[in-house]
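Engineer: pasted the sequence and its predicted model underneath.
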Amino acid sequence: MKNCKGILSALMTPFDKNGKIDETVLRSYIRHNIDTMKVDGLYVGGSTGEALLTSTKERIDILEIVKDEVKDKVSLIAHVGSLNIDEAITIAQKAEELNYDMISSVTPYYYPFAFENVKIYYETILKETSKTPFVIYFIPFLANSKISLDQFGELFENERVAGIKYTSSDLYLLERVVKNYPNKQLWAGFDELLIAYASYGLDSGIGSTYNIQAPFAKKILTHVKNKELDKALEVQQKMNDVIDVLLKVGIYPALKECLSYYDNVGYGYCKKPFSTITESDKKVLREMFDKYLSDF
Ligand code: MN9
């Protein structure tokens with residue numbers, strides 16, 4: 001069982017034009033992340049993987065393909081979250097059977113759930129699995145979740161909860177969690193804030209843009225650790241120039257377009273209703289790629 005530290009890519013799911021998973025391209029994404037980006041691990045089936053747009057069977061197929069391609073080369077976290085708790089349990093049990101290093105779930109979303117409901121959701125998934133460490137996926141801007149410091153403490157009472165994938169710009173709460181729960185692991189969730197998370201002591205991050213710029217992220221972690229903040233900031237600024245363009249174009253289609261610029265990586269589409277890339281956006285992405293990323 002690996003500790004899942006370092007830089008993990010939130011793995012993308014390539015679809016063909018009809019919205020079916022393209023296994024060949026998926027395998028090329030995985031190898032690209034391991035061989036070229038040199039990531040420490042993959043977060044599979046999260047927001048970036050468009051998992052909430054796919055069927056239970058497709059989510060399980062992805063977990064199987066990823067495990068088959070990765071074997072034990074890097075650490076693997078399976079995101080199992082779903083508003084349908086039975087689906088979340090089915091996927092979590094499958095991930096455990098496949099020996100994923102950790103399982104993770106977003107807080108229950110869409111309905112304005114109280115903390116009590118969030119707790120029931122996580123406790124149920126934990127009870128229905130037996131051994132795999134668990135990562136809370138905290139992303140309040142999409143999932144509308146509010147969890148306080150004390151409430152994180154309550155969730156941490158279950159020893160299987162390893163920590164939080166923290167995708168929030170509330171750095172005050174982040175610092176309090178780090179200070180109060182030193183035994184829990186935190187993963188930086190916003191790539192554009194990596195330097196800030198790292199200066200609060202985080203040594204790990206999970207992000208979508210690491211599919212194309214993990215070497216930058218690794219440099220930031222190293223510079224902050226060595227107290228070279230000016231150097232870290234220089235790299236973060238490059239990373240954010242890249243992120244600006246990705247966000248303007250539409251992050252997931254833009255990332256898939258950029259991935260296709262690598263020789264050994266195939267072309268993946270996003271699932272509807274995500275859109276395809278226009279010719280003028282392709283030009284903007286190519287320019288950005290040549291300026292910042294073509295050396296990796
Ligand atoms: O996995 C990603 N979150 C989402 C984390 O896509 C919702 C991030 O890596 C962001 O895509 C990235 C850009 O905002 O930080």
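Structural biologist: On my side now, so go ahead.
Engineer: you'd agree Ser28 is up against Tyr267?
Structural biologist: No: counting by Cβ atoms under 8 Å, Ser28 does not reach Tyr267; the two are 9.6 Å apart. (Glycine included, C-beta is placed from N, CA and C.)
Engineer: between the two, who's got more neighbours?
Structural biologist: Ser28 (21 against 14; other Cβ atoms under 10 Å).
Engineer: now do the more buried one, the pLDDT please.
Structural biologist: Looking at Ser28, its pLDDT reads 98.
Engineer: can you check Val106 too?
Structural biologist: pLDDT, Val106: 98.
Engineer: that one: neighbouring residues, count only.
Structural biologist: 25.
Engineer: same deal with Val135?
Structural biologist: Other residues close to Val135 by other Cβ under 10 Å number 26.
Engineer: once you drop chain neighbours, what's closest to it?
Structural biologist: Spatial nearest neighbour of Val135, chain neighbours left out: Ser104 (3.7 Å); criterion: Cβ to Cβ, 6 or more residues apart in numbering.
Engineer: what's the neighbour count on the one you found?
Structural biologist: Count around Ser104 with other Cβ under 10 Å applied: 30.
Engineer: Asn144 too?
Structural biologist: 14.
Engineer: and the strand or helix carrying Leu194, what does it pack onto?
Structural biologist: Here Leu194, judged by DSSP states H and E, is contained in helix 194-199. Helices and strands touching helix 194-199, by 3 or more Cβ pairs under 8 Å, 6 or more residues apart in numbering; DSSP states H and E, are helix 171-180, strand 185-188, strand 204-207, helix 210-225, helix 229-249.
Engineer: tell me the angle the last one makes with helix 210-225.
Structural biologist: Our comparison of helix 229-249 with helix 210-225, counting by axes from the mean of the first three to the mean of the last three Cα atoms, to 10 degrees, yields an angle of 160 degrees.
Engineer: how about helix 229-249: buried residues?
Structural biologist: 232, 235-236, 238-240, 242-243, 245-246, 249 (16 or more other Cβ atoms under 10 Å).
Engineer: same question, the first one
Structural biologist: Buried positions in helix 171-180, judged by neighbour count with 16+ other Cβ under 10 Å: 173-174, 176-178.
Engineer: surely Ser280 forms part of a helix?
Structural biologist: Yes: under DSSP: H, G, I helix; E, B strand; the rest coil, Ser280 sits within a helix.
Engineer: please tell me how far Ala95 sits from the ligand.
Structural biologist: 17 Å (Cβ to the nearest ligand atom, to the nearest Å).
Engineer: list the contacts of that residue.
Structural biologist: Residues in contact with Ala95 (Cβ atoms under 8 Å, 6 or more residues apart in numbering) are 63, 78, 80, 103, 132.
Engineer: how about the nearest residue to it, chain neighbours excluded?
Structural biologist: Nearest residue to Ala95, sequence neighbours excluded (Cβ to Cβ, 6+ apart): Ala78, at 3.5 Å.
Engineer: okay, and the helix or strand of the chain with the least pLDDT?
Structural biologist: Using mean pLDDT, DSSP states H and E, helix 140-143 stands out as the lowest-scoring helix or strand of the chain, at a mean of 93.
Engineer: now do the helix or strand that comes right after that one, average pLDDT.
Structural biologist: Sequence order places helix 149-156 as the next helix or strand after helix 140-143, per DSSP H and E. Mean per-residue pLDDT for helix 149-156: 98.
Engineer: give the buried residues for helix 149-156.
Structural biologist: Buried residues in helix 149-156, counted by 16+ other Cβ under 10 Å: 152, 155-156.
Engineer: ok, now stretch 106-122?
Structural biologist: 106-109, 113, 115, 118-119, 121-122.
Engineer: restricted to helices, list those residues.
Structural biologist: Among the buried residues of stretch 106-122, DSSP state H puts 115, 118-119, 121-122 in helices.
Engineer: residues near Ile139, how many?
Structural biologist: 19.
Engineer: now it: how far from Thr48?
Structural biologist: 11 Å (Cβ to Cβ, to the nearest Å).
Engineer: quick check: residues of the stretch 51-200 of the chain near the ligand?
Structural biologist: 142, 167, 189-192 (Cβ under 6 Å from any ligand atom).
Engineer: residues contacting the nearest residue to Ile195 once chain neighbours are set aside?
Structural biologist: Spatial nearest neighbour of Ile195, chain neighbours left out: Gln236 (4.3 Å); criterion: Cβ to Cβ, 6+ apart. Taking Cβ under 8 Å, 6+ apart, we find Gln236 in contact with 192, 194-195, 220.
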